[in-house]
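Asks: build the 3D model from these lines:
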Amino acid sequence: MITIAVDCMGGDHGPDVTLPACRQFLEQHHDATLVLVGLPDRMNGFSHPRARLVLASEVVTMDDTLETALRRKKDSSMRVAIQQVKDGVAQAAVSAGNTGALMAISRYILKTLDGIERPAIAGQIPNATGGATTVLDLGANVDCTAEHLLQFAVMGSALVSVLKEVDSPSVGLLNIGEEVIKGNEVIKKAGELLRTAAKSGDLNFYGNVEGNDIFHGTVDIVVCDGFVGNVALKTSEGLAGMIGNFLKAEFSRNIFTKMAAIASYSVLSALKKRVDHRRYNGAALLGLRGLVFKSHGSADVMAFGNALSRAYDAARHDLLNRVQVRIAHAAPLLGTAPSQS
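Replies: As a prediction, this is how the structure comes out:
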């Protein structure tokens, strides 16, 4: 049985979304159990033979500072859910709460893996192939060194190899051009490290890629700092909304635009579905001594259910151990010597 701890209070909608999503998840995954963490007055009435309630007395809000989330709200639903992973009760935790707080609490409780200086957020952005490109970091680390980008590449390779069952996923380094001589000093040095890692068999490094390659699906993984990654994520999230708004606008105009909209509806609807971020909701916090997945704060039932499924797949395929193995193998390049504990 795979057990997942769920912060039921996190996100814009809290239990109104998380509890129905949990029920659907349990109906679809008969070898899974859930530890549902939340406030007593919001969790009453939920019952399932493979779900257990754990009560918390506080909630980390989207506006809470890291100091408040980490030091003052020690009995928050977010912290209690992560503690379930630390205590070995659950193999993974899922929350739609405050991203900064989730990373800070996860790092404080679970600690980082040997050989990893900074955990990263790895998520998927839909691409033109009908699949998605894994991008990291998506916002946890605004300023990165070349060594950090190499660590992200190693962890991202382990993630994709598990979730997509690809033995040697391709890695691209996000840059302003494909040429080796382009980019700032950090990017140039990162390129050198990634090419060395490719020669040693630690990575399948494609080379430099540009922003449009994320959406073309040129590579399986794109590595960048958190500032750039977050901008790319938010840009892609606006695409589905733009298509939806376009359809509504055209149907509300005159008879000619309505006829044109009807004629193109099936094509635009298919495109909207393809770029729908709900299908790929659930970003992994990589580099920790435990599995934590971040759902989008505005996730609906479908989207939060997909985040639960990603956490389930990661736990079922032993993602944590596979990340550790890759890091240990790449230790000479990372400048560290991970222990085998």
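
Asks: now do the same end-to-end measure for stretch 58-70.
Replies: End-to-end span of stretch 58-70 (Cα to Cα, to the nearest Å): 12 Å.

Asks: what average pLDDT does that stretch get?
Replies: Averaged over stretch 58-70, pLDDT sits at 94.

Asks: what's the answer for stretch 32-49, then?
Replies: 93.

Asks: for stretch 10-17, same thing?
Replies: So the average pLDDT for stretch 10-17 ends up being 94.

Asks: and the end-to-end length of it?
Replies: First-to-last residue span, stretch 10-17, Cα to Cα: 10 Å.

Asks: please point out which parts of that stretch sit buried.
Replies: Using 16 or more other Cβ atoms under 10 Å as the test for burial, stretch 10-17 gives G10, G11, H13, G14, P15, V17. For the C-beta atoms, the positions are set from N, CA and C on the backbone; glycine is no exception.

Asks: again with stretch 25-45
Replies: Of the residues in stretch 25-45, 25-26, 29, 32-39, 42-43 count as buried by neighbour count, 16+ other Cβ under 10 Å.

Asks: so what touches that stretch?
Replies: 1-9, 14-15, 18-19, 22, 46, 48, 50-57, 59, 77, 80-81, 84, 89-90, 305, 308-309, 312 (Cβ atoms under 8 Å, 6 or more residues apart in numbering).

Asks: picking that back up, redo the buried residues of stretch 10-17 as CSV? Include secondary structure.
Replies: As requested, those are exported to CSV (DSSP: H, G, I helix; E, B strand; the rest coil):
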residue, secondary structure
G10, coil
G11, coil
H13, coil
G14, coil
P15, helix
V17, helix
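
Asks: quick check: domain ranges of this structure?
Replies: As assigned by automatic domain parsing, the chain contains the domains 1-116+287-341, 121-276.

Asks: and the nearest residue to A56 once chain neighbours are set aside, how far is that from D16?
Replies: Closest residue to A56 apart from its sequence neighbours, by Cβ to Cβ, 6 or more residues apart in numbering: S77 at 4.1 Å. Distance from S77 to D16, counting by Cβ to Cβ, to the nearest Å: 14 Å.

Asks: go on, T133?
Replies: 31 Å.

Asks: could you pull out the helices for the chain?
Replies: 15-28, 40-43, 66-67, 77-86, 99-110, 146-163, 185-199, 211-216, 226-251, 255-274, 301-316, 319-329, 331-334 (DSSP state H).

Asks: rank those by pLDDT, which is bottom?
Replies: helix 255-274 (a mean of 60).

Asks: which residue, neighbours along the chain excluded, lies closest to the residue nearest the centre of the chain?
Replies: Note on the chain: the residue nearest the mean C-alpha position is A283, at 1.0 Å, using Cα atoms, centre = their mean. Using Cβ to Cβ, 6+ apart and skipping residues adjacent in sequence, the residue nearest A283 is G123, 3.5 Å away.

Asks: got it, and D225?
Replies: Nearest to D225 is C144, by Cβ to Cβ, 6+ apart, at 4.1 Å.

Asks: I figured the one you found was touching V223, is that so?
Replies: No. C144 is not in contact with V223 according to Cβ atoms under 8 Å; the separation is 9.3 Å.

Asks: next up, the contacts around the residue nearest to D225.
Replies: So C144 contacts R118, D137, F152, V186, D225, G226 (Cβ under 8 Å, 6+ apart).

Asks: state the pLDDT value of it.
Replies: Model confidence at C144, given as pLDDT, is 93.

Asks: look up how far G100 lies from it.
Replies: 17 Å.

Asks: show me what the closest residue to V135 other than its chain neighbours is bridged to.
Replies: Using Cβ to Cβ, 6+ apart and skipping the chain neighbours, the partner closest in space to V135 is V222 (4.8 Å). V222 has the following beta-bridge partners by DSSP bridges: V135, G172.

Asks: now V222: how far from G156?
Replies: V222 is 9 Å from G156, by Cβ to Cβ.

Asks: again with L286
Replies: With Cβ to Cβ as the criterion, L286 and G156 are 7 Å apart.

Asks: shared neighbours of these two, anything?
Replies: The contact lists of L286 and G156 share A120, A122, L136, where a contact means Cβ under 8 Å, 6+ apart.

Asks: circling back to that earlier point, and the residue nearest to the centre of the chain, what pLDDT?
Replies: 95.

Asks: then the one 3 residues further on?
Replies: Among the per-residue scores, L286 holds a pLDDT of 95.

Asks: tally of neighbours for the closest residue to it other than its chain neighbours?
Replies: Nearest non-adjacent residue to L286, counting by Cβ to Cβ, 6+ apart: M155, 4.1 Å away. Counted by other Cβ atoms under 10 Å, the residues lying close to M155 total 28.
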